[in-house]
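In: below are the sequence and a predicted model for it; my questions follow.
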Protein chains: 2
Amino acid sequence: MAKRNALYAQSGGVTPVINATAAAVIEAARAHPDRIGSVYAARDGILGALEERLIDTSSLSADDLAALSHTPGGVFGSCRYKLKGLDDNRREYERLVEVLKAHDIGYFFYNGGNDSADTALKISEMARKLDVPLQCIAVPKTIDNDLAVTDNCPGFGSVAKYVAVSILEASLDVMSMASSSTKVFILEVMGRHAGWIAAAGGLACRAAGDPPQVILFPEVPFDEKAFCSRVRESVETNGYCSVVVSEGLRNAAGEFLADAGTTDAFGHKQLGGVAPVVAELVRRELGYKYHWAVSDYLQRSARHVASATDVEHAGAVGRMAVALALNGGSGVMPVIRRTADDPYAWTIESAPLEEIANKEKKMPEDFISEDGFGITPACRRYLEPLIRGEDYPPYGDDGLPRYLRPNFVYLDRKLPDFSV
Amino acid sequence: MAKRNALYAQSGGVTPVINATAAAVIEAARAHPDRIGSVYAARDGILGALEERLIDTSSLSADDLAALSHTPGGVFGSCRYKLKGLDDNRREYERLVEVLKAHDIGYFFYNGGNDSADTALKISEMARKLDVPLQCIAVPKTIDNDLAVTDNCPGFGSVAKYVAVSILEASLDVMSMASSSTKVFILEVMGRHAGWIAAAGGLACRAAGDPPQVILFPEVPFDEKAFCSRVRESVETNGYCSVVVSEGLRNAAGEFLADAGTTDAFGHKQLGGVAPVVAELVRRELGYKYHWAVSDYLQRSARHVASATDVEHAGAVGRMAVALALNGGSGVMPVIRRTADDPYAWTIESAPLEEIANKEKKMPEDFISEDGFGITPACRRYLEPLIRGEDYPPYGDDGLPRYLRPNFVYLDRKLPDFSV
């Protein structure tokens, strides 16, 4: 079989471990020099692929790849741009084919969530229809943990660990001061439609009375009265109340409590700032002194407190993506299958993108406790292995993690300009 | 000399390493069984001392103390309550003397900031005036790094490390997405009047163009126009802009940009939420998509990313406090003296509380760059050693740090009720 080049691209919101997947793809591809020539990376995701802004990863040394695997963010750049269907937007697909041909690319690895799985599926269908020789593999990544089929999504475990550790630590703080000062602490976390990240906060709660005493899920319409009564009960019993609130919290009418009023390129609403809304309610209805935090990007870039399990998953899906491609696969995604909870065991399998693209995995109903403010033992059984283990980046003498900031080598462009 | 008991109390806002000081005081006291009997701890700071809510730390095993030394928050509870002068409030001082007498306490260690140094000074003056045999030692602690005399304050180094690591990580995230999505990231950090914590963000910036490109200090009146122009410049040059803003940011009229309108027990205003104010300005004036985070309690409880230097300082001041007390000292505080920058070296000395109480150390003017948006090499030279080294807590199989949550043994009360 002829030797072809590979293209890797990152898509959508980045994660603390997406670069671990990138490093694994590059390393695995380098292990097959008879089949795979160079590994290129698209600058800024699919946009860079269309615009022929391609990085030659050959300039990255083995040490660089090791550093890449513990660097948060998306080192090659990412974007939120979703290709339309082949019939609606033939121009972009034709351009993509030109770019692939121009650089002799036979393998395309697209590292993203369900929107990106959809794009990868369309590209693989396009390749079949146009008889373009291409192995197109979607590689899973999303802190939202909402991809179908896979047991969990690389990126989520580390965010879950960050949230569980953070709410545990902040609760020890508020608990210290509660007798005469702040009584309520509210931590806002990400999760537009599914409460996976908020649920992770529940891992800090091992016994009745442990923090967080209240979790506000996007799946549970916000009931002001029940919430206030639960907060008061916790303050009266435990002396304080620790709250995790999902950015996607909605009222009974289905409206987001915090809505910045802007939308991203996928048409998703940009949310933020539900914590101060909930805090103001606590002040008004209960009169307690409060503090609130919004972790925002901190939660999804906190490689310094990554889950070792998550880092392993991120590497494994990258390696499997290359194996699937070399095996002639296309229009598929490596997914994680859990084979046992205790001790936790997992394998990587292949799943067709038709089962994943544009689908959103909700939390099972039996993961949220009956009162709507906590997680169930089933949820804990599912989540706990995902935050297990520590995987620290190396630090420099300056007290900071040694993250990779490479100077990239770009391929010479061979095609005319193109803009999306 | 007769054997007396010791009392330890925590005061004011807690830190990631105040319990390391507590553990050091208890361990050091245990090493002198000929001079010091039991070590008691006041529940909730000076309030517990007045109300005779005293914990017997003898029940803590050596393993407990090891765990205590890596547990954030204030395990014995803290408070923001400041004793008035002896002439204005004889009742409280008389009560304190009764409690100390009732439990044969000859050593009092008060672990706090400049308000607490003032309380410790008054107690030691009271003891002298009333001829009460007492060694009263203030032990430094504050994330604000604003204590006089000492080179730096235990607690600050770890918060500084958290802020520097967090802005570095979040900047790698925004940099990944900036070409087509979020261009400005804003991190709000603590610091009412002094920009020490905000300055720590500057440690992530090693070369021109590195993040954070803008730091907003409480010392520099906010200039909207200069800020917007700097943000635009960074977006045009670097593709994005990363901002650290101090909660204490004020406008030219000296008003806080974010003012929750409530005050704490010391009469300090409760601040919070300047990040969304700055973000809204970015949207309105520049039209860039933004994200913002408020780290609030997360920054001062993040023991998981503590500075090893800070942990060492916290232990050393605790041990020195016991040594000073055994040496007959009172009305003093162990302070950190820097003897060299490179390689960093330090010793612990004793300083009289008169030089520390109620004073607030500002950042030197030459620590802020001329344009007001960054730190100078002198500031970096000062700050960098303070975040150096990692000191991780042990983690359990549940993926979470093993923090101490002891069941305390309280002393039987010997006195009638008392309320402040």
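Out: Arrived safely.
In: so how far is residue B:396 from the residue of the stretch 101-250 of chain A found nearest chain B?
Out: Nearest residue of the stretch 101-250 of chain A to chain B, counting by Cβ to the nearest Cβ: residue A:172, 3.1 Å away. (Glycine included, C-beta is placed from N, CA and C.) Distance of residue A:172 to residue B:396, given as Cβ to Cβ, to the nearest Å: 15 Å.
In: can you give me the end-to-end span of stretch A:281-296?
Out: 21 Å (Cα to Cα, to the nearest Å).
In: any residue of it up close to chain B?
Out: Yes. Contact between stretch A:281-296 and chain B, assessed by Cβ under 8 Å from any Cβ of the partner chain, occurs at A:283, A:289, A:291, A:292, A:293, A:294, A:295, A:296.
In: relative to the whole chain's centre, how far out is that stretch?
Out: Mean-position distance between stretch A:281-296 and its chain equals 28 Å (Cα atoms, centre = their mean, to the nearest Å).
In: isn't residue A:179 right up against residue B:76?
Out: No. Using Cβ atoms under 8 Å as the test, residue A:179 is too far from residue B:76 to be in contact (11.0 Å).
In: shared neighbours, these two?
Out: B:43, B:44 (Cβ atoms under 8 Å, 6 or more residues apart in numbering or on different chains).
In: among these two, which residue is more densely surrounded?
Out: Neighbours were counted for residue A:179 and for residue B:76 using other Cβ atoms under 10 Å in any protein chain shown; residue B:76 has more, 28 against 18.
In: how about the more buried one: what's its closest non-neighbour residue?
Out: residue B:41 (4.3 Å; Cβ to Cβ, 6 or more residues apart in numbering or on different chains).
In: so which strand or helix has the one you found?
Out: Secondary-structure element containing residue B:41, defined by DSSP states H and E: strand B:36-42.
In: end-to-end on stretch A:404-414?
Out: End-to-end distance for stretch A:404-414: 29 Å, by Cα to Cα.
In: please identify the buried residues of it?
Out: By 16 or more other Cβ atoms under 10 Å in any protein chain shown, the buried positions in stretch A:404-414 come out as A:404, A:406, A:408.
In: what would these look like in CSV with secondary structure and distance to chain B?
Out: Formatted as CSV, the buried residues of stretch A:404-414 follow (DSSP: H, G, I helix; E, B strand; the rest coil; distance: Cβ to the nearest Cβ, whole Å):
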residue, secondary structure, distance to chain B
A:404, coil, 9
A:406, coil, 12
A:408, coil, 13
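In: which one of those is nearest to residue B:364?
Out: Checking the buried residues of stretch A:404-414 against residue B:364 by Cβ to Cβ gives residue A:404 as the nearest, at 34.4 Å.
In: which residues touch that closest one?
Out: Neighbour list for residue A:404: A:19, A:64, A:67, A:68, A:71, A:75 [criterion: Cβ under 8 Å, 6+ apart].
In: measure the fourth one to residue A:304 for me?
Out: Distance from residue A:68 to residue A:304, counting by Cβ to Cβ: 16 Å.
In: and these two? Which one has more around it.
Out: More crowded of residue A:68 and residue A:304, by other Cβ under 10 Å: residue A:304, with 28 against 22.
In: mind checking the SS state of the closest residue to residue A:204 other than its chain neighbours?
Out: Nearest residue to residue A:204, sequence neighbours excluded (Cβ to Cβ, 6+ apart): residue A:168, at 4.0 Å. With DSSP: H, G, I helix; E, B strand; the rest coil as the basis, residue A:168 sits in helix.
In: I'd guessed residue A:168 sits against residue B:402; true?
Out: No. When contacts are counted by Cβ under 8 Å, residue A:168 is not listed as touching residue B:402 (10.6 Å).
In: what about the two, which has more around it?
Out: Shown here are residue A:168 and residue B:402; by other Cβ under 10 Å, residue A:168 has more neighbours (26 against 14).
In: ok, now which ones touch that one?
Out: Applying Cβ under 8 Å, 6+ apart, the residues near residue A:168 are A:204, A:211, B:400, B:401, B:403.
In: before we move on, what about residue A:176?
Out: Shown in contact with residue A:176 (Cβ under 8 Å, 6+ apart): B:10, B:14, B:73, B:74, B:75, B:77, B:78.
In: near chain A, list only the ones from the residues you listed.
Out: With Cβ under 8 Å from any Cβ as the criterion, the contacts of residue A:176 include B:10, B:14, B:73, B:74, B:75, B:77, B:78 near chain A.
In: of those residues, keep whichever come out buried.
Out: Neighbour counting over these (16+ other Cβ under 10 Å) leaves B:10, B:14, B:73, B:74, B:75, B:77, B:78 as the buried ones.
In: give me every residue that touches the second one.
Out: Neighbouring residues of residue B:14 by Cβ under 8 Å, 6+ apart: A:173, A:176, A:177, B:72, B:73, B:74, B:78, B:300, B:301.
In: list phi and psi for it.
Out: With angles defined as degrees, to the nearest 10, residue B:14 sits at phi -90, psi 180.
In: what sits closest to it if chain neighbours are left out?
Out: Leaving aside its sequence neighbours, residue B:14 sits nearest to residue B:74 (Cβ to Cβ, 6+ apart; 3.9 Å).
In: which SS state does the one you found fall under?
Out: Classification of residue B:74 using three-state DSSP returns coil.
In: check contacts around it.
Out: Residue B:74 neighbours (Cβ under 8 Å, 6+ apart): A:173, A:176, A:177, B:10, B:14, B:18, B:19, B:22.
In: quick one, which of the residues you listed has the minimum pLDDT?
Out: pLDDT across the contacts of residue B:74 is lowest for residue A:177, at 91.
In: burial measure for it, as a count.
Out: Neighbour count of residue A:177, defined by other Cβ under 10 Å: 29.
In: pull the contacting residues for it.
Out: Taking Cβ under 8 Å, 6+ apart, we find residue A:177 in contact with B:13, B:14, B:74, B:77, B:78, B:79, B:80.
In: pretty sure residue A:95 sits against residue A:419.
Out: No. Applying Cβ under 8 Å as the test, residue A:95 and residue A:419 come out as separate, 10.0 Å apart.
In: what about the two, which has more around it?
Out: Between residue A:95 and residue A:419, counting by other Cβ under 10 Å, residue A:95 is the more crowded of the two (19 against 6).
In: distance of that one relative to residue A:43?
Out: Relative to residue A:43, and taking Cβ to Cβ, residue A:95 is found at 16 Å.
In: next, residue A:75: phi, psi?
Out: phi -60, psi -30.
In: quick one: contacts for it?
Out: Contacts of residue A:75 were listed using Cβ under 8 Å, 6+ apart, and they are A:19, A:22, A:68, A:404, A:406, B:172, B:176.
In: phi and psi next, for residue A:338.
Out: phi -80, psi 130.
In: again but with residue A:341, I slipped
Out: According to degrees, to the nearest 10, residue A:341 has phi -80, psi -40.
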